[in-house]
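Colleague: got a predicted model here, sequence first, then my questions.
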Amino acid sequence: MAPTATNFPNSQATAVPSKVNDVDPMAAMAHRGKALPGIPKFNSCAEKRQWQLQHMAGAFRVFAREGYAEGISGHISVRDPEFEDRFWINPLGVHFGMLKASDMVCVTVDGEVIGGNSAGSINAAGFQIHSAVHRSRKDVHAICHTHSVHGRAWSAFAKPLQMINQDVCYFYKAHSVYSNYGGIANEASEGENIAKSLGDGKAVILMNHGLLTVGETVDEAAFLFCLMERSCKVQLLAHQTGLEKQIVSDEEAAYNFKMASTPETLFAEFQPHFQFEEYLSKGDFKQ
């Protein structure tokens, strides 16, 4: 919530401006403590590539535990740090909970498999969606898409998320709805339409299909996906009561977005999930 005047017993309230322009979002996370570490820097593309693949595999483990796996559907991709026209994606037919860094497949945006787990095939519809988004958004380095339960349920309404709580404000004016469902995305045109609907946002709700999120890191995209799925669940729960909902004001929603929805803060938000998976599996997904 943006700072406002607060009344305390036996004290005087002090009015604080509702908009703070000089606050560092990362520093603001910790009260009088050391700021959380941000996105790491690397000395080489090879080092960054391995780190990305490990965090990609970790994200899949989180998705598995959250119940996002659905047959052979669902994919995460990460742009190669050295070659802009290449990205890494999960192999077809391997459960999210079994994926390791070494399982990922490197493919060009034109569809040529050129590295990584070359023995594995990739999801055709996934390739069309991810290649289209990577082509159209040079700022996007990671994309997450699965057929999660509440995302699919909310997608049937073809409506954006309402700003009904603090957390959903992370998507304030940064998500869209693709409301022209074109079937399984085996054709390039469907991927291109999804990319166009995403625009310059962080996420898109795919009508009758599911959710898609993007980020500068796979950690950011993965956290946004988990948050969007939970937000869809919250919207459905609130909607079914039939009671009038109180909507967060535009001013407060914009403040929440500014303070909590940066690439650095969203990266930090995902780290407890990643670290828990690392603890449970003893880091086997990093292999």
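Modeller: That came through fine.
Colleague: could you say what helices and strands the helix or strand of the chain with the lowest mean pLDDT packs with?
Modeller: Using mean pLDDT, DSSP states H and E, the weakest-scoring helix or strand in the chain turns out to be helix 25-28, at a mean of 80. If you count contacts as 3 or more CB pairs under 8 Å, 6 or more residues apart in numbering; DSSP states H and E, helix 25-28 packs onto helix 250-260, helix 263-281. Backbone N, C-alpha and C define where each C-beta goes, glycine included.
Colleague: helices or strands next to the very next helix or strand once past it in the packing?
Modeller: Per DSSP states H and E, the first helix or strand lying C-terminal to helix 25-28 is helix 45-66. Applying 3+ CB pairs under 8 Å, 6+ apart, we find helix 45-66 packed against strand 75-79, strand 86-89, strand 142-146, helix 218-241, helix 263-281.
Colleague: could you dump the helices and strands packed on helix 25-28 to CSV with mean pLDDT and distance to residue 185?
Modeller: Compiled in CSV, the helices and strands packed on helix 25-28 are given as follows (pLDDT from 0 to 100; distance: least, CB to CB, whole Å):
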stretch, mean pLDDT, distance to residue 185
helix 250-260, 96, 29
helix 263-281, 96, 26
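Colleague: closest to residue 55 out of those?
Modeller: helix 263-281 (6.6 Å; CB to CB).
Colleague: flag every buried residue along that closest one.
Modeller: 263-271, 273-274, 277-278 (16 or more other CB atoms under 10 Å).
Colleague: between the residues you listed, which is nearest residue 99?
Modeller: Each of these was scored against residue 99 by CB to CB, and residue 277 proved nearest at 11.3 Å.
Colleague: which ones are touching residue 62?
Modeller: 222, 226, 273, 274, 277 (CB atoms under 8 Å, 6 or more residues apart in numbering).
Colleague: and the two most separated of the residues you listed?
Modeller: In terms of CB to CB, the contacts of residue 62 reach their longest pairwise distance at 226 and 277, which sit 12.3 Å apart.
Colleague: one step back: tabulate the contacts of residue 62 in CSV, adding columns for distance to residue 250.
Modeller: Compiled in CSV, those are given as follows (distance: CB to CB, whole Å):
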residue, distance to residue 250
222, 28
226, 25
273, 30
274, 33
277, 36
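Colleague: nearest to residue 155 among the residues you listed?
Modeller: Closest to residue 155, out of all of the contacts of residue 62 and judged by CB to CB, is residue 226, at 16.4 Å.
Colleague: quick one: list the elements packing against the strand or helix carrying residue 134.
Modeller: Assigned by DSSP H and E, residue 134 belongs to helix 124-136. Using 3+ CB pairs under 8 Å, 6+ apart, the elements in contact with helix 124-136 are strand 75-79, strand 86-89, strand 142-146, helix 188-198, strand 210-215.
Colleague: by mean pLDDT, show me the worst of those.
Modeller: Mean pLDDT is lowest for helix 188-198 out of the helices and strands packed on helix 124-136, coming in at a mean of 94.
Colleague: quick check: buried residues in that one?
Modeller: Neighbour counts over helix 188-198 (16+ other CB under 10 Å) mark 190, 191, 192, 193, 194, 195, 197, 198 as buried.
Colleague: what sits up against it?
Modeller: Counting by CB under 8 Å, 6+ apart, 125, 128-133, 135-137, 176-178, 180, 182-185, 204, 206, 212, 214 sit against helix 188-198.
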